[in-house]
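>>> My questions are about this predicted structure, shown below with the sequence.
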Amino acid sequence: MTVSMQVCKRLSWCGVVLLCLWPALSASATSFDPASRFGFELRTRWGMKLEGRFNRYEGEVRQLPGGSHQVVLRMFTQSVEIVGYPRYSEWTRSAKFFEAERYPVVTFVSRPYDEALLKRGGDLAGDLSIRGITRPKTLTVAPSTCARPAYDCDVVATGAVRRSDYDMDDWMMAVSDRVVFVLRARLRPEAALP
């Protein structure tokens, strides 16, 4: 048998093994339901709370081999709105804050976690990217208020960042450096098990 035939047989065997293992190796994903709400809170130096929201987002929760999960979330900065304040909305999309034209997406990618975290609550570690700067960020997941979190009730996660860590240090005299992300996530109901 020639060397090329031996290589082909080995490759064919490897292909069969990979084909059989593919379902176990690949990750399935469930996308976010449109009922989800992703946003943030800012405070002015005079104590007024500003509620920001991303009106456009996409992402999913991936089920990884071995049973753990991972969140991948993309929030589009051009869709940012400061509720009730059009001028603040313009400012947050401008080069002085998210710089939406140059950096159209804020992303959060979690580290793998056990699904039980959604019921009991706790820390969800990951990486947050804003304006091309990626930093480790841990969100705090609130304990669930229902039996099937993300389907029958929101999964609520919060986490504070300093805008100066992401080169968003304009208007420091008027608006606090602290930004609190508030994520209320639901998954598409067709993915729920009965």
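That came through fine. Numbering: from 1, shown residues only.
>>> which residues of this protein fall in strands?
Ranges of strands within the chain are 28-31, 37-43, 49-54, 57-63, 69-76, 80-82, 105-110, 122-130, 133-141, 155-162, 178-185, based on DSSP state E.
>>> Out of those strands, which is closest to Glu99?
With C-beta to C-beta as the measure, strand 122-130 is the member of those nearest Glu99 (9.5 Å). Heads up, the C-betas are built off the backbone N, CA and C, glycines and all.
>>> Bridged to the closest residue to Phe108 other than its chain neighbours, which residues?
For Phe108, ignoring the flanking residues on the chain, the nearest one in space by C-beta to C-beta, 6 or more residues apart in numbering is Leu73 at 4.6 Å. Residues in a beta bridge with Leu73, per DSSP bridges, are Gly59, Phe108.
>>> Roughly how far does Leu73 sit from Met173?
Separation of Leu73 from Met173 (C-beta to C-beta, to the nearest Å): 31 Å.
>>> These two: who's more crowded?
Taking other C-beta atoms under 10 Å, Leu73 and Met173 do not tie; Leu73 has more neighbours (24 against 6).
>>> That one and Leu124: what is the separation?
11 Å.
>>> One more: Arg74?
Relative to Leu124, and taking C-beta to C-beta, Arg74 is found at 17 Å.
>>> same deal with Val71?
Taking C-beta to C-beta, one finds Val71 at 7 Å from Leu124.
>>> what do those two both touch?
Ser110 (C-beta atoms under 8 Å, 6 or more residues apart in numbering).
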